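Engineer: Here is a sequence with its predicted model. Questions after.
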Protein chains: 4
Amino acid sequence: MSGTRREIPNDPGRRDRILDAALDVIAEGGVHRTTHRKIASRAGVPLGSLTYYFNGMDDLLALAFARLAETMSQLYRRTLHGAGSPAEAEAAVVELICGPAYATERDMTLIFEMYAYANHNTAVAATTRSWLRRSRESLALHFTPGVARALDALIEGWPMHRRFDATPLNRQLVAGVVHAVVSAAPDLPDEQL
Amino acid sequence: MSGTRREIPNDPGRRDRILDAALDVIAEGGVHRTTHRKIASRAGVPLGSLTYYFNGMDDLLALAFARLAETMSQLYRRTLHGAGSPAEAEAAVVELICGPAYATERDMTLIFEMYAYANHNTAVAATTRSWLRRSRESLALHFTPGVARALDALIEGWPMHRRFDATPLNRQLVAGVVHAVVSAAPDLPDEQL
Amino acid sequence: MSGTRREIPNDPGRRDRILDAALDVIAEGGVHRTTHRKIASRAGVPLGSLTYYFNGMDDLLALAFARLAETMSQLYRRTLHGAGSPAEAEAAVVELICGPAYATERDMTLIFEMYAYANHNTAVAATTRSWLRRSRESLALHFTPGVARALDALIEGWPMHRRFDATPLNRQLVAGVVHAVVSAAPDLPDEQL
Amino acid sequence: MSGTRREIPNDPGRRDRILDAALDVIAEGGVHRTTHRKIASRAGVPLGSLTYYFNGMDDLLALAFARLAETMSQLYRRTLHGAGSPAEAEAAVVELICGPAYATERDMTLIFEMYAYANHNTAVAATTRSWLRRSRESLALHFTPGVARALDALIEGWPMHRRFDATPLNRQLVAGVVHAVVSAAPDLPDEQL
DNA sequence: AATGAATGAGATTTCATTCAT
DNA sequence: GATGAATGAAATCTCATTCAT
């Protein structure tokens, strides 16, 4: 019955479905309330498959966050690579700060969870570092290294406030600040990326 | 029943000692690995006293984060209130972004944990909102509302990157960016705080 | 301050208030969910007074059930002693079976709890036996020993069914059955009470 | 996911063994002293399996009492269905009231516990109601509805007294009373079962 | 390759009781 | 005589992980 031929997995997309389900569960309750059972139930897979595909919870979470970072990075990249002029690049940055595309409520929650978890897990810390590096590389297509760092901080910090603030972001204000930072480039010290 | 005499607790500081121990445990392992036992052991109190003083883990964490926010708020406030001139105010902002005083590694870890937890707990969400509001009020002593918002985002976002970046923050770069944002004030749209 | 004179309790009715509160708590949640704290809170007395007045939970419950039995016995007794003729005695028995006076919902619940508890506590077993004996003595004022035993079983069993049955008791039916039992006296074997 | 094959439990009778163990523990100490540990130890199963098989103590107790009611109902039913004549039916009722078969000391204790618990748990209340209904249906095979109700009350009430009385039941007395009630049928009002 | 029944380690929580005042 | 802060023993419950199939 079993022979020597390579067994073919009977549900090839299952691994990723589990990771997506894990992100859903994290978004809903936080890492601290994430359990194997919830993930399995959400993914519609048997409980045993979680330990079959992953080496415990830490491994599963690390891979789920890696998947999140990959998705977010691509969005970031797409948004910035599409810009054909300095003005369009600035607009793209404003879009990343204000737009719901970059950070839905679910995404913001997941990013918070990833940052928090990264402080206690080296694999996720590496994922996070790689993400930050890639963000800056995308920004470096259009801006000097120093400006890229500053814009990155704004892209990080402003949506965080937006998440908890009652008042919505003022798009004109964001555009003005981004422009001011970009315009300051000549006055900023040299900086290696 | 027979009078209004209040019993005197045998150990008046114990409540706060437990909260501090909780923050230590969170900083070390994250909320997701924080347990009553670890907190009790760290605080040197019997396990039972945790549920005597607090209504379960959620309550305890909410109060611990409130204590954290209070401490951080005061530091923030002290730093900004001390500034006597626009130049000193800018320097204070640079200090908040770069200085280890504002955010030791432990503090940064705790802040990440608080943000993450706030997405799943209304009490902590309220604490977080109140903290953001107070930050902006302190900034409003020296800056227009729009500038205050932008600086707040920088103060939030830049140290986050610093936490995961290999390279340390370039203080001159930060100073340049802060100055650019502050100088842009006349060009920014009106904004209510 | 303390001297040698006898200390006078500063709240003489408190003991009984605690016992009544205990019965309330038992009626609401059952013995299995009865705690010192609930009783103290219900009675409006300090927690410590429970262990001051009683030797632990078993003692407290035993005394509470004794109080219940005393109250119920007196009602039973009053109902039967008031009867001046055989017909009135029969009517009194019907009243005890059907009437809400003998057994409100709360009373029935408490009696069930007492019987259940009596199987595991000798003091309450004694209380229960004494109650049954007194019931029969009251019935013996009007009926032969054998009839008294049979009526006692009906007074016990019928309200139990009433407690759980959807349909209410048929008073005429009860009266007919009681009359049949009473009328059978000459045919019943002699029985010592 | 891949098929409909059902996993076979390693120990198919375990669920029922746990319920029987629960009844043993209840009979010995009462619901109020029944704990997961005692049941697990008595059943010879690991502690964790109790919450694996049951949704908490309430669920476990409800199912244990349902098992008790089922067993008792069948005995009741067997006893009454075996009667081939009115005289045999009367004898069967006397047997149910007096015989140890219907109610050993353990059974009586458990029934008390069930009634007490039923006042605080809707599932057990339903079990109890269903039991009472089935008892009456068995009695209705031989007696008019009114007589069935009266006999049911006697079957309920008399063994309760027997449980606490010092003196044993007088079988002749019981037979006489049952006969009197049965003979009164023509004089009793019509009653729907 | 895949599963889910089963478990034990440990988490949270409850609560009777103690005892300093 | 009286109290309620405090505790430890034990209760319930959760869940990652194991493992026979």
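Structural biologist: Received the coordinates, thanks.
Engineer: For the helix or strand harbouring residue A:129, enumerate the helices and strands it packs against.
Structural biologist: Under the criterion of DSSP states H and E, residue A:129 resides in helix A:122-140. Contacts defined by 3 or more Cβ pairs under 8 Å, 6 or more residues apart in numbering or on different chains; DSSP states H and E place helix A:122-140 against helix A:56-81, helix A:105-118, helix A:145-164, helix B:145-164. Backbone N, C-alpha and C define where each C-beta goes, glycine included.
Engineer: Taking helix A:145-164 as reference, get the angle to the first one.
Structural biologist: Read that as helix A:56-81. Orientation check (axes from the mean of the first three to the mean of the last three Cα atoms, to 10 degrees): helix A:56-81 against helix A:145-164 gives 120 degrees.
Engineer: List the buried residues of helix A:56-81.
Structural biologist: A:57, A:60-69, A:72-73, A:76, A:79-80 (16 or more other Cβ atoms under 10 Å in any protein chain shown).
Engineer: closest to residue C:148 among those residues?
Structural biologist: Of all these, residue A:57 has the smallest distance to residue C:148: 70.1 Å, by Cβ to Cβ.
Engineer: Distance of the closest one relative to residue A:110?
Structural biologist: 16 Å (Cβ to Cβ, to the nearest Å).
Engineer: Contacts for the helix or strand containing residue A:22, please.
Structural biologist: Residue A:22 is located in helix A:14-29, with elements delineated by DSSP H and E. If you take Cβ atoms under 8 Å, 6 or more residues apart in numbering or on different chains as the criterion, helix A:14-29 is touched by A:34-35, A:38-40, A:42-45, A:49-50, A:53-54, A:60-61, A:63-64, A:67-68, A:106, A:109-110, A:113, B:120.
Engineer: Give me the subset of the buried residues of helix A:56-81 that also touch DNA strand F.
Structural biologist: residue A:57 (Cβ under 7 Å from any atom of the strand).
Engineer: tell me the contacts of residue A:62?
Structural biologist: A:121, A:123-124, A:127.
Engineer: any idea of the pLDDT on it?
Structural biologist: Note for residue A:62: predicted pLDDT of 97.
Engineer: now do residue A:187
Structural biologist: 88.
Engineer: which SSE is the residue nearest to it when sequence neighbours are not counted in?
Structural biologist: Ranked by Cβ to Cβ, 6 or more residues apart in numbering or on different chains and with sequence neighbours excluded, the top spatial neighbour of residue A:187 is residue B:176, at 5.7 Å. For residue B:176, the element it lies in under DSSP H and E is helix B:171-183.
Engineer: Count residues in the vicinity of residue A:129, would you?
Structural biologist: Counted with other Cβ atoms under 10 Å in any protein chain shown, the neighbours of residue A:129 add up to 15.
Engineer: quick one: it from residue C:86, how far?
Structural biologist: From residue A:129 over to residue C:86 the distance is 98 Å, taken as Cβ to Cβ.
Engineer: Was I right to think residue A:81 contacts residue A:139?
Structural biologist: No: look at residue A:81 against residue A:139 with Cβ atoms under 8 Å: they stay out of range, at 10.9 Å.
Engineer: and which of the contacts of residue A:62 is nearest chain B?
Structural biologist: Set against chain B, the nearest of the contacts of residue A:62 by Cβ to the nearest Cβ is residue A:121 (8.5 Å).
Engineer: Tell me which residues touch that closest one, please.
Structural biologist: Residue A:121 touches A:58, A:61-62, counting by Cβ under 8 Å, 6+ apart.
Engineer: Look up the pLDDT of it for me, please.
Structural biologist: So, for residue A:121, pLDDT stands at 96.
Engineer: How much space separates it from residue A:59?
Structural biologist: Residue A:121 sits 10 Å away from residue A:59, going by Cβ to Cβ.
Engineer: Same question for residue A:35.
Structural biologist: 15 Å.
Engineer: ditto for residue A:95
Structural biologist: 35 Å.
Engineer: what ranges of chain A fall below the confidence cut-off?
Structural biologist: For chain A, residues meeting the criterion pLDDT under 70 lie at A:1-11, A:100-102, A:192-193.
Engineer: So which residues on it come close to DNA strand F?
Structural biologist: Going by Cβ under 7 Å from any atom of the strand, the residues of chain A near DNA strand F are A:33-37, A:47-48, A:50-52, A:56-57.
Engineer: Can you pick out the most distant pair from these?
Structural biologist: Applying Cβ to Cβ across the residues of chain A next to DNA strand F, the maximum distance is between A:33 and A:52, 23.1 Å.
Engineer: Looking at the two, which is more packed in?
Structural biologist: residue A:33 (13 against 10).
Engineer: For that one, which non-adjacent residue is spatially closest?
Structural biologist: In space, residue A:33 is closest to residue B:120, 7.3 Å off (Cβ to Cβ, 6+ apart).
Engineer: Now do the contacts for that neighbour.
Structural biologist: A:29-30, A:32-33.
Engineer: hmm, back to that, may I have the helix holding residue A:129 exported as PDB, CA atoms only?
Structural biologist: Extracted in PDB, the C-alpha atoms of helix A:122-140 (Å, rounded to 0.1, in the frame of the first residue of the first chain):
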ATOM      1  CA  THR A 122      14.800  36.000  17.700                       C
ATOM      2  CA  ALA A 123      13.300  34.600  14.500                       C
ATOM      3  CA  VAL A 124      10.500  37.200  14.500                       C
ATOM      4  CA  ALA A 125      13.100  39.900  15.400                       C
ATOM      5  CA  ALA A 126      15.000  38.900  12.300                       C
ATOM      6  CA  THR A 127      11.800  39.100  10.300                       C
ATOM      7  CA  THR A 128      11.100  42.500  11.600                       C
ATOM      8  CA  ARG A 129      14.600  43.800  10.900                       C
ATOM      9  CA  SER A 130      14.400  42.500   7.400                       C
ATOM     10  CA  TRP A 131      11.100  44.200   6.900                       C
ATOM     11  CA  LEU A 132      12.500  47.500   8.100                       C
ATOM     12  CA  ARG A 133      15.500  47.200   5.800                       C
ATOM     13  CA  ARG A 134      13.300  46.500   2.800                       C
ATOM     14  CA  SER A 135      11.100  49.400   3.600                       C
ATOM     15  CA  ARG A 136      14.100  51.700   3.700                       C
ATOM     16  CA  GLU A 137      15.400  50.200   0.400                       C
ATOM     17  CA  SER A 138      12.100  51.000  -1.200                       C
ATOM     18  CA  LEU A 139      12.200  54.500   0.100                       C
ATOM     19  CA  ALA A 140      15.800  54.800  -1.100                       C
END
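Engineer: Mind telling me which residue of chain A is nearest chain B?
Structural biologist: residue A:157 (2.5 Å).
Engineer: Pull the contacting residues for the residue nearest to that residue when sequence neighbours are not counted.
Structural biologist: Spatial nearest neighbour of residue A:157, chain neighbours left out: residue B:157 (2.5 Å); criterion: Cβ to Cβ, 6+ apart. Neighbouring residues of residue B:157 by Cβ under 8 Å, 6+ apart: A:152-158, A:160.
Engineer: Tell me the one of the residues you listed nearest residue C:171?
Structural biologist: residue A:160 (73.7 Å).
Engineer: isn't that closest one right up against residue B:158?
Structural biologist: No: at 11.7 Å, residue A:160 does not count as touching residue B:158 under the criterion of Cβ under 8 Å.
Engineer: The two: who's more crowded?
Structural biologist: Neighbours were counted for residue A:160 and for residue B:158 using other Cβ under 10 Å; residue B:158 has more, 26 against 22.
Engineer: Mind checking what secondary structure the residue lying closest to residue A:30 once chain neighbours are set aside has?
Structural biologist: Of all residues not flanking residue A:30 in the chain, residue B:120 sits nearest, at 4.4 Å (Cβ to Cβ, 6+ apart). Assigned state for residue B:120: coil (three-state reduction, DSSP: H, G, I helix; E, B strand; the rest coil).
Engineer: Any figure for the gap between residue B:120 and residue B:174?
Structural biologist: Distance from residue B:120 to residue B:174, by Cβ to Cβ: 33 Å.
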